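Enquirer: Build the 3D model from these lines:
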Amino acid sequence: LTQVLHLAGSGAVAYITARNIRDPQTRPNMLAGFQLAESGSVPMLQALSQRAAEEGDLWLSERLYRHAQDEKRHGQIFAHALKQLDKQVVDFTKLPKKTGEQPQRSPFFDAYFEGYTSAELKPQN
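Expert: Numbers count the residues shown, from 1 in each chain. Okay, here's the model as predicted:
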């Protein structure tokens with residue numbers, strides 16, 4: 001039963017995602033979400049790669065660096081697609097930081113990392 005439910009669920013997700021990508025009204029939002037998801041992990045992966053190198057684990061450092069470059073390239077692909085649709089790509093690394101406020105995180109992030117503080121999740125820790 002679990003396998004049948006997994007197959008039905010992943011099929012439904014694939015159908016809805018494909019429909020949203022094909023629909024000109026929802027395509028920009030989907031591409032922007034993909035671009036943000038791919039590009040958003042690059043700074044963390046680069047910091048983890050640097051930390052691994054400092055700790056002497058060159059194998060892990062190299063793998064994390066390559067993964068960061070792949071994610072960056074994927075984000076650029078989605079950004080290019082957005083530009084082709086005449087949509088502006090937001091570079092979140094160049095936005096001014098809000099002071100005194102906690103950054104808004106996704107509900108998934110909050111549920112998955114429940115019990116951890118932001119400081120504990122920093123690359124140096």
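Enquirer: element containing the residue nearest the centre of the chain, please.
Expert: Nearest to the geometric centre of the chain sits Ala37, at 2.5 Å (CA atoms, centre = their mean). For Ala37, the element it lies in under DSSP states H and E is helix 27-40.
Enquirer: Quick one: distance of the helix or strand of the chain with the lowest mean pLDDT to the chain centre.
Expert: Within the chain, confidence by mean pLDDT, DSSP states H and E is lowest for helix 107-112 among all helices and strands, at a mean of 75. Relative to the centre of its chain, helix 107-112 is centred 14 Å away, using CA atoms, centre = their mean, to the nearest Å.
Enquirer: cool, stretch 31-47 as well?
Expert: Counting by CA atoms, centre = their mean, stretch 31-47 is centred 4 Å from the centre of its parent chain.
Enquirer: ok, now stretch 9-23?
Expert: Here stretch 9-23 is found 19 Å from its chain centre; the criterion is CA atoms, centre = their mean.
Enquirer: again, but for stretch 113-125
Expert: 17 Å.
Enquirer: Which strands and helices lie in contact with the helix or strand where Ala52 lies?
Expert: Assigned by DSSP H and E, Ala52 falls within helix 42-54. Here helix 42-54 touches helix 58-84, going by 3 or more CB pairs under 8 Å, 6 or more residues apart in numbering; DSSP states H and E. All C-beta atoms are positioned from the backbone trio N, CA, C, and that covers glycine.
Enquirer: Pull out the buried residues from the helix it packs on.
Expert: For helix 58-84, burial by neighbour count (16 or more other CB atoms under 10 Å) applies to 61, 64-65, 67-68, 71-72, 74-75, 78-79, 81-82.
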